[in-house]
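Trainee: here is a sequence together with a model predicted from it:
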Amino acid sequence: MEKTIAGKQITVNEEGYLTDFNQWNEQVAEALALEAEVSLTPRHWEVLKYLQNEQKNQVALSIRRIGKSGLLDIKEFYQLFPVAPLKTATKIAGIPKPASCI
């Protein structure tokens, strides 16, 4: 299904996750963050880039893995993305919802 995000027609699934990462850019991320009531800081961008890299390397994402990443601990992850952190962060990063999320 199509959704207008940051002035672009973006293809998303029924939960609002991008189905084509090539449509993602920083403006799309900002718009998705706004929808999720998250104000992106340089620290958020670090986490988003990390998640995208893990996805590219086909690593199964989970809260536990992020906590062990060395990038940030689980407490900080929840501070950056207070509501459903992994679902919210992966949606903003333009990658599919992790299998570990229900």
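Mentor: Nice, thanks for sending it over. Numbering: from 1, shown residues only.
Trainee: against which helices or strands is the lowest-mean-pLDDT helix or strand in the chain packed?
Mentor: The helix or strand of the chain with the poorest confidence is helix 63-67; it has a mean of 91 (mean pLDDT, DSSP states H and E). Under the contact criterion of 3 or more CB pairs under 8 Å, 6 or more residues apart in numbering; DSSP states H and E, helix 63-67 touches helix 74-80, helix 85-93. Every C-beta, even on glycine, is put in place using the N, C-alpha and C of the backbone.
Trainee: contacts for that helix next, please.
Mentor: Taking contacts as CB atoms under 8 Å, 6 or more residues apart in numbering, the residues outside helix 63-67 that touch it are Glu54, Val59, Leu72, Asp73, Ile74, Phe77, Pro85, Leu86, Ser100.
Trainee: pull out the buried members of those.
Mentor: Glu54, Leu72, Phe77, Pro85, Leu86 (16 or more other CB atoms under 10 Å).
Trainee: which residues touch the fourth one?
Mentor: This points to Pro85. When contacts are counted by CB under 8 Å, 6+ apart, Pro85 is found next to Ile63, Phe77, Tyr78.
Trainee: if we go to 7 Å?
Mentor: Neighbour list for Pro85: Phe77, Tyr78 [criterion: CB atoms under 7 Å, 6 or more residues apart in numbering].
Trainee: who touches the host helix or strand of Leu48?
Mentor: Applying DSSP states H and E as the criterion places Leu48 in helix 42-56. Applying CB under 7 Å, 6+ apart, the set of residues contacting helix 42-56 from outside is Ala29, Val38, Leu61, Ser69, Leu71, Leu72, Leu80, Ala89, Thr90, Ile92, Ala93, Ile95.
Trainee: let's see that with 10 Å instead.
Mentor: 21, 24, 26, 29, 33, 38, 40-41, 59-61, 65-66, 69-72, 76-77, 79-81, 85-86, 89-90, 92-96, 98 (CB atoms under 10 Å, 6 or more residues apart in numbering).
Trainee: that's all I had, so thanks and see you.
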